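Enquirer: Fold the following and give me the result.
(one chain, ligands or ions: 1)
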Amino acid sequence: MLSAAHSLAPEWLTVPADANDLAPGVWPASAARDADGVLALGGVDAATIARTYGTPVLVLDEDEARSRARAFRAAFDDAAARHGTTAQVYYAGKAFLSTTVARWVIDEGLRVDVCTGGELAVALAAGVAPGAIGFHGNNKSVAELERAVEVGVGSVIVDSAIEIERLAAITARSGAVQRVLVRVVSGVHAETHDFLATAHEDQKFGFPLDEAEAAVARIREIPGLDFAGLHCHIGSQIFGVAGFRESAERVLELHATLLEHGPVPQLNLGGGFGIAYTRADHPTPIDTLASGIVSAVAEGCAARGIPVPALSFEPGRAIIGTAGVTLYEVGTTKEVTVDAGATRRYISVDGGMSDNARPALYGAQYSARLASRAGDGEPRLSRVVGKHCESGDIVVDHEYLPADLAPGDLLAVPVTGAYCVSLASNYNHVPRPPVVAVRGGRSRIIVRGETVDDLLARDAGIDGATAPEGDK
Ligand code: LLP
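Expert: Purely as a prediction, here's the structure:
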């Protein structure tokens with residue numbers, strides 16, 4: 001029989017029958033406990049990973065990332081083929097980018113979406129063909145655009161009238177012809193956290209639909225620019241197909257108008273596909289998403305008597321999020337009496353908002369499990385917190401964890417593959433964690449962790465540290 005919920009627990013959190021279980025859909029498919037109860041990821045046990053690389057450490061399950069990349073590609077390929085068109089899937093590198101991960105997704109037939117010169121540099125260093133790169137950003141610098149045109153990125157997704165003129169000047173100077181898409185704001189407010197919605201009117205990205213026609217007309221006048229189509233990204237961590245359908249419908253209206261004056265071969269509907277962070281989340285299966293979205297586009301095209309364009313999508317989180325698990329070591333625990341005598345156990349770990357800012361930024365919910373062993377005792381309501389000097393430094397807001405969890409135990413927090421290391425900071429001079437890939441019983445470092453020496457090396461006031469350029 002399940003025990004009664006704790007008075008401080010949110011409604012969505014149920015008391016688990018076993019506080020050592022691994023919720024399906026939240027952990028990588030390879031996650032399992034061995035005979036001793038130790039958590040293994042990609043066939044490598046958590047204690048070995050912690051001993052070898054230290055904690056905190058982000059563990060990426062290579063098979064999980066690859067199989068999600070494959071599933072996205074297959075789902076959109078099939079859906080597109082059913083409607084007589086094609087679909088390209090770009091991995092949104094902002095979720096997590098390193099040369100190794102870029103190679104995984106390229107290997108699985110994806111392309112790569114970057115949004116800064118830094119991300120572009122990583123993709124190029126990984127050997128991604130420039131033609132397989134889409135370049136985003138609402139404030140690309142002239143230097144970034146010059147570099148993108150020089151290497152020949154497959155498409156630049158233009159975000160403003162100023163950027164169009166910058167590209168006109170750059171291509172005029174170099175003689176290159178750059179393929180571009182125009183990012184539009186469909187006005188659909190995705191049902192997600194406000195900071196993650198990007199296609200409502202009052203925000204910084206793209207052109208409003210009623211201004212985009214003039215932008216496209218201007219692009220078509222510029223000899224160095226090749227207009228390829230429209231782009232719209234409605235936001236991130238979105239469940240269901242309704243928002244995508246609505247957005248596609250609005251963008252297609254403009255797409256059809258643009259066809260009256262020239263070719264519009266492509267349509268890019270962005271990323272934003274939601275994943276399960278806790279067992280309370282029920283994301284839409286990839287096949288359902290793909291067929292729902294592609295059918296909506298096909299129906300919209302049929303209604304307007306226009307051909308179905310080549311489609312592109314840009315998932316980031318849905319490829320890499322569930323592949324990541326962060327391992328922490330428990331440092332201290334304390335029982336805090338909150339009100340009416342109800343107590344909450346605080347578990348402090350050796351990382352926090354410097355390696356996962358999402359709870360502090362978006363109120364994101366996570367889950368956790370004891371990793372170095374299976375715990376004993378009743379599930380106890382716990383809050384996992386970091387080591388930073390802020391009370392908002394929460395890693396897992398609400399979770400039931402075994403009563404005997406103690407200092408020295410390893411704790412695993414799943415679904416940290418996306419937007420954790422990529423948003424990491426050195427707050428409180430905490431070095432950023434290493435990233436380790438696991439597969440088939442082996443582990444390897446793919447991004448080394450920082451050391452305090454790395455941090456001190458940037459402090460120009462320390463003898464021996466690299467001084468920038470002396471006095472000015
Ligand atoms: N395409 C564009 C143009 C985007 O701006 C984004 C995300 C994506 C694709 C990929 O979205 P995804 O499939 O990963 O949801 N830091 C936030 C998420 C910010 C998303 C920014 N843009 C978070 O931690 O939830």
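Enquirer: how about the residues of the chain near the ligand?
Expert: Within reach of the ligand by Cβ under 6 Å from any ligand atom, the chain has these residues: 92, 94-95, 113, 136, 196, 233, 236-237, 270-273, 314-318, 358, 362, 418-419, 423. Just so you know, the C-beta spots here come from the backbone N, C-alpha and C atoms, and that holds for glycine as well.
Enquirer: run the last query once more with 5 Å
Expert: 92, 95, 233, 236, 270-272, 314-317, 358, 419 (Cβ under 5 Å from any ligand atom).
Enquirer: which one of the residues you listed is nearest residue 214?
Expert: Set against residue 214, the nearest of the residues of the chain next to the ligand by Cβ to Cβ is residue 233 (21.2 Å).
Enquirer: The residue of the stretch 101-250 of the chain at minimum distance from the ligand and residue 362: what is the separation?
Expert: Closest contact between the stretch 101-250 of the chain and the ligand, by Cβ to the nearest ligand atom, is at residue 236 (3.3 Å). Per Cβ to Cβ, to the nearest Å, residue 236 is found 10 Å from residue 362.
Enquirer: cool, and residue 231?
Expert: Distance, residue 231 to residue 362, by Cβ to Cβ: 24 Å.
Enquirer: between the two, who's got more neighbours?
Expert: A direct count of neighbours by other Cβ atoms under 10 Å for residue 231 and residue 362 places residue 231 higher, at 26 against 16.
Enquirer: so what's the more buried one bridging to?
Expert: Note on residue 231: beta-bridge partners residue 183, residue 268, judged by DSSP bridges.
Enquirer: now the strands for the stretch 301-450 of the chain?
Expert: Listed in chain order, the strands of the stretch 301-450 of the chain (DSSP state E, counting those that start in this stretch) span 310-313, 324-339, 342-349, 369-370, 379-385, 394-402, 410-414, 435-439, 442-447.
Enquirer: The shortest one - what's its average pLDDT?
Expert: Spelled out, that is strand 369-370. Across strand 369-370, pLDDT averages out at 98.
Enquirer: Parallel or antiparallel, list what pairs with that strand.
Expert: Strand 369-370 has these strand partners (DSSP bridges): strand 410-414 (antiparallel).
Enquirer: now the strand it pairs with and strand 324-339, what's the angle there?
Expert: Angle of strand 410-414 versus strand 324-339, following axes from the mean of the first three to the mean of the last three Cα atoms, to 10 degrees, is 110 degrees.
Enquirer: Quick one: distance of strand 410-414 to the chain centre.
Expert: Offset of strand 410-414 from its chain centre (Cα atoms, centre = their mean, to the nearest Å): 19 Å.
Enquirer: And for stretch 80-89?
Expert: In terms of Cα atoms, centre = their mean, the centre of stretch 80-89 is set 24 Å apart from its chain centre.
Enquirer: Give the buried residues for it.
Expert: Using 16 or more other Cβ atoms under 10 Å as the test for burial, stretch 80-89 gives 80, 83, 85, 87, 88, 89.
Enquirer: Could you list the residues in contact with it?
Expert: 69, 72-73, 76-77, 79, 109-111, 290-291, 294-295, 297-298, 308-315 (Cβ atoms under 8 Å, 6 or more residues apart in numbering).
Enquirer: distance of the residue of the stretch 101-250 of the chain closest to the ligand from residue 92?
Expert: Distance, residue 236 to residue 92, using Cβ to Cβ: 9 Å.
Enquirer: Please apply the same query to residue 133.
Expert: Using Cβ to Cβ, residue 133 is found at 12 Å from residue 92.
Enquirer: Check the secondary structure at the nearest residue to residue 106 once chain neighbours are set aside for me.
Expert: Spatial nearest neighbour of residue 106, chain neighbours left out: residue 128 (5.6 Å); criterion: Cβ to Cβ, 6 or more residues apart in numbering. Per DSSP: H, G, I helix; E, B strand; the rest coil, the local secondary structure of residue 128 is coil.
Enquirer: ok, now which ones touch residue 128?
Expert: 102, 106, 111, 112.
Enquirer: what about the closest residue to the ligand within the stretch 1-150 of the chain, neighbour count?
Expert: Closest to the ligand within the stretch 1-150 of the chain is residue 92: 3.5 Å, counting by Cβ to the nearest ligand atom. Neighbour count of residue 92, defined by other Cβ under 10 Å: 28.
Enquirer: if I look at it, how far off is residue 115?
Expert: Using Cβ to Cβ, we find residue 92 at a distance of 8 Å from residue 115.
Enquirer: longest helix of the chain?
Expert: For the chain, the longest helix by residue count, based on DSSP state H, is helix 62-82.
Enquirer: could you say which helix or strand contains residue 40?
Expert: Counting by DSSP states H and E, the element that carries residue 40 is strand 39-41.
Enquirer: contacting residues around that strand?
Expert: If you take Cβ under 8 Å, 6+ apart as the criterion, strand 39-41 is touched by 22, 28, 30-34, 45-46, 49, 59, 61, 325, 369-372, 410, 412, 438.
Enquirer: hmm, which of those are the buried ones?
Expert: Among those, those classed as buried by 16+ other Cβ under 10 Å are 22, 28, 30-31, 33, 45-46, 49, 59, 61, 325, 369-372, 410, 412, 438.
Enquirer: which stretches of the stretch 1-150 of the chain have low pLDDT?
Expert: 1-3 (pLDDT under 70).
Enquirer: So for residue 236 and residue 92, which residues contact both of them?
Expert: Residues touching both residue 236 and residue 92 (Cβ under 8 Å, 6+ apart): 271, 316, 317.
Enquirer: quick one: which of these is nearest residue 378?
Expert: residue 317 (33.9 Å).
Enquirer: What is the neighbour count of that closest one?
Expert: 24.
Enquirer: Tell me who's in contact with the closest residue to it other than its chain neighbours.
Expert: Among residues not flanking residue 317 along the chain, residue 418 sits closest, at 4.0 Å (Cβ to Cβ, 6+ apart). Taking Cβ under 8 Å, 6+ apart as the contact definition, residue 418 lies against 95, 96, 275, 316, 317, 320, 321, 324.
Enquirer: Report the two of the residues you listed separated the most.
Expert: With distances taken as Cβ to Cβ, the most widely separated pair in these is 96 and 275, at 13.2 Å.
Enquirer: And those two? Which one has more around it.
Expert: Between residue 96 and residue 275, counting by other Cβ under 10 Å, residue 96 is the more crowded of the two (28 against 21).
Enquirer: Now that one: phi and psi?
Expert: Main-chain torsions, residue 96, degrees, to the nearest 10: phi -170, psi 130.
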